[in-house]
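Asks: What follows is a predicted structure for the sequence shown.
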Amino acid sequence: MVNVDRRSYVKQEATAYADAPQQIGWNITISAPHMHARALHELRDHLQPGCKVLDVGSGSGYLTAAMATMVGETGQAIGIDHVPDLVAWSVENIHRDGKGALLESGQLQLQVADGFGGLAEAAPFDCIHVGAAPVRVPPALKEQLKPGGVLLLPVGPPLDQAFVRITRSEDGASYLEDRLFGVRYVPLTSLTEQLGLRQ
């Protein structure tokens with residue numbers, strides 16, 4: 001995380017390093033730094049050089065950039081979000097942070113896509129992180145894990161969410177689900193629902 005400057009990925013630079021979520025527009029937030037740190041810690045074994053990872057609901061691009069630095073030149077981190085203007089802003093953020101070379105090399109990609117469907121054309125992934133909470137785990141995300149891969153996401157309705165780690169078995173036939181702790185995240189929604197809430 002020290003290699004990615006959070007100030008380049010927020011709207012209010014004065015509070016960029018505060019350990020709290022911050023509104024960045026489009027009815028979403030950038031998560032608090034401690035949650036980004038926890039996510040990277042939980043996924044560390046699947047963010048090794050050469051790994052391929054997916055960040056669903058990539059928002060500002062901050063966590064996807066951190067993942068890209070961890071997987072190195074031989075790996076790839078792909079961030080997806082369903083709001084085209086937000087994806088365009090996240091690309092600007094990467095350049096503002098001096099990390100345009102990650103985009104140019106393909107080590108980091110930011111694309112417009114529906115988070116519920118993942119990114120089947122780029123699968124399978126060593127790990128998948130989701131930055132917003134679906135009520136139930138999207139089946140497509142589990143199916144896009146490599147055998148032994150990990151899906152980390154908040155799950156549940158607004159008042160009863162948990163951070164959950166799902167590990168696919170080495171033979172790919174089953175999944176082990178661990179509820180880690182309670183959380184409060186913005187919901188993973190359709191594009192229409194999300195933009196319909198804008199004020």
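Replies: Done, it's in.
Asks: What is the longest strand of this structure by residue count?
Replies: Longest strand in the chain, counting residues (DSSP state E): strand 145-155.
Asks: So for that one, what gets flagged as buried?
Replies: Residues 145-146, 149-155 are the ones in strand 145-155 that count as buried (16 or more other Cβ atoms under 10 Å). For every residue, glycine as well, the C-beta is placed using N, CA and C.
Asks: Now do it: which elements does it pack against?
Replies: helix 33-43, strand 125-130, helix 139-143, strand 161-168 (3 or more Cβ pairs under 8 Å, 6 or more residues apart in numbering; DSSP states H and E).
Asks: can you list contacts of the third one?
Replies: When contacts are defined by Cβ atoms under 8 Å, 6 or more residues apart in numbering, helix 139-143 is touched by residues 56, 116-118, 120, 123, 128, 130, 151, 153, 166, 168, 175.
Asks: okay, the helices and strands packed on strand 145-155 in TSV with mean neighbour count and distance to Leu103 next?
Replies: Below are the helices and strands packed on strand 145-155 laid out as TSV (neighbours: other Cβ atoms under 10 Å; distance: least, Cβ to Cβ, whole Å):
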stretch	mean neighbour count	distance to Leu103
helix 33-43	17	20
strand 125-130	26	19
helix 139-143	16	24
strand 161-168	19	29
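Asks: Reformat the ones you listed as TSV; add distance to Trp26 and mean pLDDT.
Replies: Shown next, in TSV, are the helices and strands packed on strand 145-155 (distance: least, Cβ to Cβ, whole Å; pLDDT from 0 to 100):
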stretch	distance to Trp26	mean pLDDT
helix 33-43	19	93
strand 125-130	17	97
helix 139-143	21	96
strand 161-168	20	96
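Asks: nearest to Glu73, of the ones you listed?
Replies: strand 125-130 (15.8 Å; Cβ to Cβ).
Asks: show me what contacts Gln161?
Replies: Gln161 touches 133, 154-155, 182-185, counting by Cβ under 8 Å, 6+ apart.
Asks: Check the gap between it and Val186 for me.
Replies: 10 Å (Cβ to Cβ, to the nearest Å).
Asks: which residues do the two both contact?
Replies: Counting by Cβ under 8 Å, 6+ apart, the residues touching both Gln161 and Val186 are Ala133.
Asks: Which residue is the nearest non-sequential neighbour of Ser174?
Replies: Nearest non-adjacent residue to Ser174, counting by Cβ to Cβ, 6 or more residues apart in numbering: Arg168, 7.7 Å away.
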